[in-house]
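> Model the following, please.
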Amino acid sequence: MESTSKRVVPNNIFFAWVEEEIASGRSVRFTVNGFSMMPLLRNGKDEVKLEPCNPQSIVKGDILLFRYKGMHVLHRVTSFDKPTGRIVLRGDNVFGRGEDCLPSDVVGRVAEIYRCNNGTAKAKAPKSAIYSVELLVWRILRWGMIAAGKVKRLF
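Numbering: from 1, shown residues only. Below you'll find the predicted structure:
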């Protein structure tokens, strides 16, 4: 039985390794960090399997890891800016426009999501119909709380 343990590695070293693995045609699995993709991805709990992708195969709804202003960001494709050739992305828990990048900034695409509870991981499809309903309910609740003045923003 293979032992698995988690290590904390500086982002620049970690993402250099991720880019190297993806460029070699291999997939990479790692724990997500941040709240911008809630409720789909939970900070420090859930994992994603990232795989190489051809920029021409990217479609609306894909979750991509991309380089943005010196950082690596994992967000969902919302549209394409055809005149400039840029991809427009936004986190599921982010209101507003989000970010955009060139196809050359894309590192990889999320192939699988692992919902991790009590040390066990269950694979989940990144584009499931059930998730679309979860996201809609999440956004309605969040907007309702903001409109009611309960919170200025969540996370």
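> quick one: contacts for Arg67?
73, 101, 105, 107 (CB atoms under 8 Å, 6 or more residues apart in numbering). C-beta coordinates here come from the backbone N, C-alpha and C atoms, glycine included.
> Show me where the protein has its strands.
Counting by DSSP state E, residue ranges of the strands within the chain are 28-31, 47-51, 63-68, 71-81, 86-90, 99-101, 106-117, 120-124.
> Trp17 is nearest to which of these?
Evaluated over these, closeness to Trp17 peaks at strand 28-31, with 8.0 Å, by CB to CB.
> Need the contact partners of that closest one.
6, 14, 18, 21-22, 44-50, 108, 114, 116.
> end-to-end on stretch 116-133?
In stretch 116-133, first residue to last residue: 20 Å (CA to CA, to the nearest Å).
> Over to stretch 92-107?
End-to-end distance (CA to CA), stretch 92-107: 19 Å.
> cool, and stretch 101-109?
Stretch 101-109 end-to-end distance (CA to CA) = 14 Å.
> List the buried residues of it.
101, 103, 105-109 (16 or more other CB atoms under 10 Å).
> neighbours around Asn11, how many?
Using other CB atoms under 10 Å, Asn11 has 10 other residues around it.
> Relative to Glu19, how far out is it?
12 Å (CB to CB, to the nearest Å).
> Then Asp100?
Asp100 sits 20 Å away from Glu19, going by CB to CB.
> What is the nearest of the contacts of Arg67 to Gly144?
Distances from Gly144 to the contacts of Arg67, taken by CB to CB, are shortest for Val73, at 27.2 Å.
> Skipping adjacent residues, who's closest to the closest one in space?
Phe66 (6.0 Å; CB to CB, 6 or more residues apart in numbering).
> Now do the same contact list for the one you found.
Phe66 neighbours (CB under 8 Å, 6+ apart): 72-73, 75, 87, 89, 99, 101, 105-107.
> Tell me the predicted confidence for it.
According to the prediction, Phe66 has pLDDT 98.
> Could you give the bridge partners of it?
Val73, Val106 (DSSP bridges).
> Can you give me the distance of it to Ile58?
Relative to Ile58, and taking CB to CB, Phe66 is found at 10 Å.
> what's the answer for Glu99, then?
For Glu99, the distance to Ile58 - CB to CB - is 14 Å.
> higher neighbour count, those two?
Neighbours were counted for Glu99 and for Ile58 using other CB under 10 Å; Glu99 has more, 19 against 16.
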